[in-house]
Every structure is written in structure tokens, then in C-alpha cells.
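S.K.: any chance you could fold what I've pasted below:
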Amino acid sequence: MSAFQVSDKHISAILQGVYGTNFSGHNVWCRLTEKEPTQEQLSLRQQVQQEANVLMAENVRSYQYCYKHRDDVSQKPFKGNVKLDFAAAPLSALAVLKLIDCLEYQSCECDDYHKTEAYKLLSVYRSRMACKLPGYNEEKWEI
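M.R.: Residues are numbered from 1 along each chain as shown. Here you go, the predicted structure:
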């Protein structure tokens, strides 16, 4: 099986899709870098950074597990911060869902994947993105 490490841009695009638009429909993603951010913006930025790092660490761990017998693959755990792109144009909900599926596929090699924080985050992200799909709100809630 082949596996790869996703880019910072990939993870950033997922998080932008999940957190970039608030309930009133305003894009708050680009405001997370304001010179004088509010406490709420600072808290959200910290949360997003922490989640980005969790997702990257699991992707790296999976990649390392898949290629543990190769000398050219470092076995050091991911340390540092994912570089979040606050200037990128937002993607459609469908595109973000596809990126989530890709990241999960690239992160699921370890036997305990379904018990990880990354797995739980991606499950929550899917739910959040589903309701952003065009036409979702117009569909019947029950039959």
C-alpha cells in the first residue's frame, strides 16, 4: 500500500472549511490574523492550530508506520506547527469533504487509528461540512 504525507495547505484548507464561516455566514477565517484580535479570535486560532498539529502528527505517524522498514523515512514524531494559510480562498463543502477523506486514508495505517484524536476530529468535521452542502438545509428533517 502506498501512503504519503499531506501538505500544510491540505490541512489548512480542511480547517478553513470547518471553521471559516460562522453561523451567520460570515467568513471569520481571514480575521484570525488581525493586528488586534479579540479574545474569541485568539482562542479559535489556538484551537485551530492545535487541531492542525494533531491531524499532521497522525498523518506522519501513519506514513512512518507504513514505511517503517525503509531507511529513508524518519521515525521521529511530528513536532512543530502546521503553517495555516489564512489568505487562501475558501473551497466548497464538497471539496473539503474530499480533502477530509484523503487525509483519513493517509492517516489510518496504525491499528489504533479509530481510537485517536485525529479520527474523532475528522468525524466531527464531516458532520459540520455535511450541513454546508448546497441544498442540505432545504431537505426534509424527517419523513
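
S.K.: show me where pLDDT drops low in the chain?
M.R.: 1, 22-26 (pLDDT under 70).

S.K.: and the longest helix for it?
M.R.: Counting residues, the longest helix found in the chain (DSSP state H) is helix 39-66.

S.K.: for the next helix or strand after that helix, packing partners?
M.R.: Remark: after helix 39-66, the chain's next helix or strand is helix 93-107, criterion DSSP states H and E. If you count contacts as 3 or more Cβ pairs under 8 Å, 6 or more residues apart in numbering; DSSP states H and E, helix 93-107 packs onto helix 8-19, helix 39-66, helix 117-130. For the C-beta atoms, the positions are set from N, CA and C on the backbone; glycine is no exception.

S.K.: check these for me and report the most buried one.
M.R.: Most buried of the helices and strands packed on helix 93-107 by mean neighbour count (mean count of other Cβ atoms under 10 Å) is helix 8-19; its value is a mean of 21.

S.K.: and the angle from that helix to helix 39-66?
M.R.: Counting by axes from the mean of the first three to the mean of the last three Cα atoms, to 10 degrees, helix 8-19 lies at 130 degrees to helix 39-66.

S.K.: just how off-centre is helix 8-19 within its chain?
M.R.: 5 Å (Cα atoms, centre = their mean, to the nearest Å).

S.K.: other residues contacting it?
M.R.: Contacting residues not belonging to helix 8-19 are listed as 28-29, 44, 48, 51-52, 55-56, 82-86, 88, 90-91, 93, 95-96, 99-100, 102-103, 125, 128-129, 132 [Cβ atoms under 8 Å, 6 or more residues apart in numbering].
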